[in-house]
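Structural data only, the sequence is not supplied:
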């Protein structure tokens, strides 16, 4: 049966230094052990080495050669060893009383500092540890069945386990405070004594700036009477803090400092907050958060915000950050501070992300791999390997607009001009530096376009002043593909009729007929039936051709009329000859007047200026109306105008010149072709009056007519006509 131990000594004051959080049992009793010391007597070849010449063969512990020694263990060895350490304490600090007051106070300070003191081989305990905490193992040992407190699991077992305690973090009933770093114990001993001499330290808490009135009350003893000290004012202020930053990269199971490397990089940012140590050597633990700011290309930006400070006084970004661009970065860690510590910022930590070396790309296939000459623009898909975001496709020696899809696919815009003629243009892919290079070359096939097509347009009915749509149809044959540009030749258009767009582009991509819409517009007739222009004299003066008085003005008019006659001769149409003849007559008449004066003996002055006005009976008539358009021309001058008037349709003469009688004449024109005509009257002048022009009237002749359409490349049916009815 198990024996239960009860009672025990009351827990001493020094063991109250260690809280339950740090492993001290809340049992109110004296707990053992206090510390652990090496006590093996040969187990796993571990023992104390003793040099004792009278008990071993010679030589004993001699340097530089084989020697002999004793191997000892057990409490008979470890206890005197610890006594030797205490002798060193006495030697440094004088004679001591109960060592436990200092041992437990030093342990309390170590726990409060949260120093990493786990007695493992890797990582080693911190060099400042007084006690190395034993956290693995147990003091439970095998025992013979039937011995005191020997527990067996199966009734037939002959060997059991003697009850014992396991090791834990902090104080435990197996190893106490842990093993001892003798050097640190001796050197730290006096700090523990100082804490006792100064009495109990009380930590005052409150907001920054809070004040306290503190007094000390001594209870007295058998020798001394109680007493109370004078009050002391204590003001709580925040302690300072020091923040440091570091940039790390994962390396195996740990981390390493990162300074430079090629993109992409996944980096971890760490900030350590160093607190101010208070008088009892028990540092406060900072709380709060840290914000990491990256300055890149002169612009700061927050890359991690409100990262909490952990129990190790560190802020650590998890997971890592992989968005740092190529270039030099500068990281600053900004600690927020808390109720006990002021905010602080770390010095900048610089690192560099270098550009990754691009691979050399490879092309495997093209889609499509061929096209027909003269075809339309299309998107080419390039399949392969090692494509990057900055890869470019080169088609027939020209870099094309490229879109990165993935590391194995790109798309490129191929223009119609790239496949205008048959051939095998080469396709390559280039990756930029650093690294990079140009891929293998794959030929794209442009097949010859041997087909033909016919062209046609639908009949339209249009109203003067509006437009109407004619459907233009391109019908391919023989495999024709490509763009067809349709235009309306100006020479084949009725008067006042225009086409748009010009050209009209129709793209043939297959065997089916393709259509497009051609807007056919007819100019509107004039809204007024009368048109006139300023007197010729004012027009000529304004242009600087006739000086006041004299005959030189007629010579200028003669030269201008002659030049106009030559220009009319180069205009298209048969009527240009008649217009040139009329202007030639003006030239001769002007020259004659300039040389011979103004006729008969009178003296001084030149021909009188005139003004011409044209009026029509109607702005719109049917082309087959026998009455036709009736134009009335009035020429006004200070003397009677009796020269001739010539009507012009645009720049072409309309009919023959007609004589003016006392400044008035009427010209009737029947049978104008369907369309909107721009009619003007030109008074040719006489011996006493200058020539003058009227304004322009637009008149519409309604009826059916045609206009031609033409294709580039040429259609097999030439330039067919389109029927148009003008209303």
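Sure thing, it's come through. Computed from a prediction, not measured in an experiment: that's the story for all the values here. Numbering: from 1, shown residues only.

what about the stretch 451-600 of the chain, any weak spots by pLDDT?
Under the criterion pLDDT under 70, the flagged ranges of the stretch 451-600 of the chain are 536-600.

let me redo that: the stretch 201-350 of the chain
Along the stretch 201-350 of the chain, the parts satisfying pLDDT under 70 run over 201-210, 218-225, 227, 276-283.

Let me see the contact set for the residue lying closest to residue 367 once chain neighbours are set aside.
Ranked by Cβ to Cβ, 6 or more residues apart in numbering and with sequence neighbours excluded, the top spatial neighbour of residue 367 is residue 381, at 4.3 Å. For every residue, glycine as well, the C-beta is placed using N, CA and C. If you count contacts by Cβ atoms under 8 Å, 6 or more residues apart in numbering, residue 381 has them with 366-367, 409-411.

Repeat the analysis, applying 10 Å as the threshold.
Residue 381 makes contact with 365-368, 393, 403, 405, 409-412, according to Cβ atoms under 10 Å, 6 or more residues apart in numbering.

cool, residue 385 as well?
Neighbours of residue 385 in contact, by Cβ under 10 Å, 6+ apart: 359-364, 407-409, 429, 439.

And the furthest pair within those residues?
Pairwise distances across these (Cβ to Cβ) peak at 16.9 Å, for the pair 360 and 409.

which residues touch whatever helix or strand residue 394 lives in?
Element membership for residue 394 (DSSP states H and E) is strand 392-395. The contact list for strand 392-395 (Cβ under 10 Å, 6+ apart) reads 361, 363, 366, 380-382, 387, 399-404, 410-415, 418-419, 425-432, 438-439, 441, 444.

switch to 8 Å and redo it
The contact list for strand 392-395, computed with Cβ under 8 Å, 6+ apart, reads 380, 382, 399-400, 402, 410, 412, 414, 418, 425-430, 438, 444.

after the strand ranked longest in the chain, next one along is what?
When the chain is parsed with DSSP state E, its longest strand is strand 692-708. In the C-terminal direction, the helix or strand that comes right after strand 692-708 (DSSP H and E) is strand 710-712.

quick one: buried residues of that next one?
By 16 or more other Cβ atoms under 10 Å, the buried positions in strand 710-712 come out as 710-711.

sorry, back to before: turn the contacts of residue 381 into a markdown table, including pLDDT and neighbour count.
Formatted as a markdown table, the contacts of residue 381 follow (pLDDT from 0 to 100; neighbours: other Cβ atoms under 10 Å):
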| residue | pLDDT | neighbour count |
| --- | --- | --- |
| 365 | 97 | 10 |
| 366 | 97 | 20 |
| 367 | 96 | 11 |
| 368 | 96 | 12 |
| 393 | 97 | 27 |
| 403 | 96 | 13 |
| 405 | 95 | 13 |
| 409 | 97 | 15 |
| 410 | 97 | 24 |
| 411 | 97 | 17 |
| 412 | 97 | 23 |
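
Please report the distance of the closest residue in space to residue 502 that isn't next to it in sequence from residue 472.
The shortest distance from residue 502 to any non-neighbouring residue, by Cβ to Cβ, 6+ apart, is to residue 487 (5.2 Å). Here the criterion is Cβ to Cβ, to the nearest Å. By it, residue 487 lies 10 Å from residue 472.

Find residues that contact each of these two.
With Cβ under 8 Å, 6+ apart, residue 487 and residue 472 have common neighbours 504, 709.

Of the two, which one has the most company?
Taking neighbours as other Cβ atoms under 10 Å, residue 487 and residue 472 compare with residue 472 leading, 23 against 17.

need the contact list for that one.
Contacts of residue 472 by Cβ under 8 Å, 6+ apart are 455-458, 486, 504, 506, 515-518, 709.

Could you give the bridge partners of it?
Judged by DSSP bridges, the bridge partners of residue 472 are residue 457, residue 516.

right, and residue 625 touches residue 670 too?
Yes. With contact defined as Cβ atoms under 8 Å, residue 625 reaches residue 670; the gap is 7.0 Å.

all helices for the stretch 551-700 of the chain, in order.
552-569, 576-596 (DSSP state H, counting those that start in this stretch).

now swap in the stretch 151-300 of the chain and tell me
182-197.

can you pull out the strands in it?
Per DSSP state E, counting those that start in this stretch, the stretch 151-300 of the chain carries strands over the ranges 159-162, 179-180, 211-214, 217-218, 227-228, 232-235, 241-251, 254-257, 260-262, 267-275, 289-296, 299-308.

Could you export those as a markdown table, including distance to residue 192 and mean neighbour count?
Listed next are the strands of the stretch 151-300 of the chain as a markdown table, based on distance: least, Cβ to Cβ, whole Å; neighbours: other Cβ atoms under 10 Å:
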| stretch | distance to residue 192 | mean neighbour count |
| --- | --- | --- |
| strand 159-162 | 36 | 15 |
| strand 179-180 | 14 | 20 |
| strand 211-214 | 24 | 11 |
| strand 217-218 | 23 | 10 |
| strand 227-228 | 27 | 10 |
| strand 232-235 | 24 | 10 |
| strand 241-251 | 26 | 17 |
| strand 254-257 | 35 | 12 |
| strand 260-262 | 47 | 13 |
| strand 267-275 | 21 | 21 |
| strand 289-296 | 34 | 19 |
| strand 299-308 | 33 | 13 |
